[in-house]
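J.: Any chance you could fold what I've pasted below:
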Amino acid sequence: MNVTLRQLHYFRALAEHRNFGRAAEACHVSQPALSVQIREMEGQLGAALVDRSARGVVLTRFGRKVLARTERILSEVQMLERLARHREGLGGQLSLGVIPTVAPYLLPGALAALRARDISLDVEVTEAKTDRLLEGLRAGTLDAALVAVPTGQEGLEERVLFEDRFVLAGSEARIDAVIGTGAGPEALRPTELGQSPLMLLEDGHCLTDQALELCGRDRGHARINTGASSLATLSRLVAAGFGLTLLPEIALATERMATPGISVMRFAVPEPRRRIGLVRRATTDRDEGDWFAALSALLSEVGEEVVATARARLPTRDTETGAAGVDTPPIPAKAPPGG
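T.: Numbers count the residues shown, from 1 in each chain. Modelled structure (predicted):
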């Protein structure tokens, strides 16, 4: 039997598109060429992989079993290719996944630092929610991913890069109302926001789950709105007075510069926080060099710089009163580190 990798690639494309023409287009070959390769693969295996009809292509029962093996084989081949690229450490091509609540704030500085380290490094970035990034790691389409950790998933190696604290954000009137309830700067907790409406990102963002847990609310709460698609949208909504939100420090400089009307307030110590980490498949061969450690160190340095800037502009505690920082005026228009 002599089934080729080319045939496996063509078969996977056919299984995905369920149409010979679209599969051929995706593989950048002619339809007859792809069809011939599928026929030859079926001949090698001794059974039909697909049922062909005018309505499209349907996998046979045998075809479904072969597809599962095909995905596994191609994933391992991709890992072999990445192993070869990374054998000398961090270099060549890097496929990096990043969650949306980190990407726009960390990537400018991180990519600049990576380019300064190795101008030949080709970085391919995928911005997506955590579940999709973890799927990419398992499938071998991503080398590593920046996500909130721990992920709670087996088969992954995780390295904590930095802590990202949350602050309360809203309009000046909303912030004043919270202070007026008695939950002032010296004692403010996420669970003590009273009846203030809480605005969060749409479902699927890990930041939404974290905020709900910290505030002691669930999705059925009457004062919860989870419709925003980004922190930029969320910041503008709360600045306009539609509610309050928990904003991560990493986003503070960018969002406050873009939304002058937003007010922010620190929670009492210990402040609520999340941990941002770099994750990769635990099965990755340790002989491929120290690229993961090098990348972790670089991203940790950039991340720490961004959150340190946020803490300098909005101190954790007032040095004279001991109260948690409150800052309602807009900050000067100064770009965050790295862009």
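J.: The stretch 201-339 of the chain: helices as residue ranges?
T.: Residue ranges of the helices in the stretch 201-339 of the chain, as given by DSSP state H, counting those that start in this stretch, are 206-215, 231-239, 252-258, 291-313.
J.: looking at those, which has the lowest confidence?
T.: Ranked by mean pLDDT, these bottom out at helix 206-215, which scores a mean of 76.
J.: Now do that one: distance to the chain's middle.
T.: Averaging C-alpha positions (CA atoms, centre = their mean, to the nearest Å) puts helix 206-215 16 Å from its chain's average.
J.: Can you tell me the SS state at the closest residue to Asn2 other than its chain neighbours?
T.: Excluding its sequence neighbours, the residue lying closest to Asn2 (CB to CB, 6 or more residues apart in numbering) is Gln44, at 6.1 Å. Heads up, the C-betas are built off the backbone N, CA and C, glycines and all. Under the three-state scheme (DSSP: H, G, I helix; E, B strand; the rest coil), Gln44 adopts helix.
J.: correct me, but Gln44 touches Gln37?
T.: No: using CB atoms under 8 Å, Gln44 and Gln37 do not qualify as a contacting pair, with a distance of 10.5 Å.
J.: What ranges does the protein have for its strands?
T.: According to DSSP state E, the chain carries its strands in the segments 50-53, 56-59, 93-98, 122-127, 144-149, 156-170, 198-201, 224-228, 245-248, 263-266, 273-281, 326-327.
J.: can you give me the angle the fourth one makes with strand 144-149?
T.: Think strand 122-127. With axes from the mean of the first three to the mean of the last three CA atoms, to 10 degrees as the criterion, the two stretches strand 122-127 and strand 144-149 enclose an angle of 40 degrees.
J.: Show me this structure divided up by domain.
T.: 5-77, 93-162+276-307, 164-274+314-327 (automatic domain parsing).
J.: need these in a markdown table with mean neighbour count, can you?
T.: As requested, the domains of the chain are arranged in a markdown table below (neighbours: other CB atoms under 10 Å):
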| stretch | mean neighbour count |
| --- | --- |
| domain 5-77 | 16 |
| domain 93-162+276-307 | 18 |
| domain 164-274+314-327 | 18 |
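J.: separation between His205 and Glu135?
T.: In this structure, His205 and Glu135 are separated by 16 Å, where distance is defined by CB to CB, to the nearest Å.
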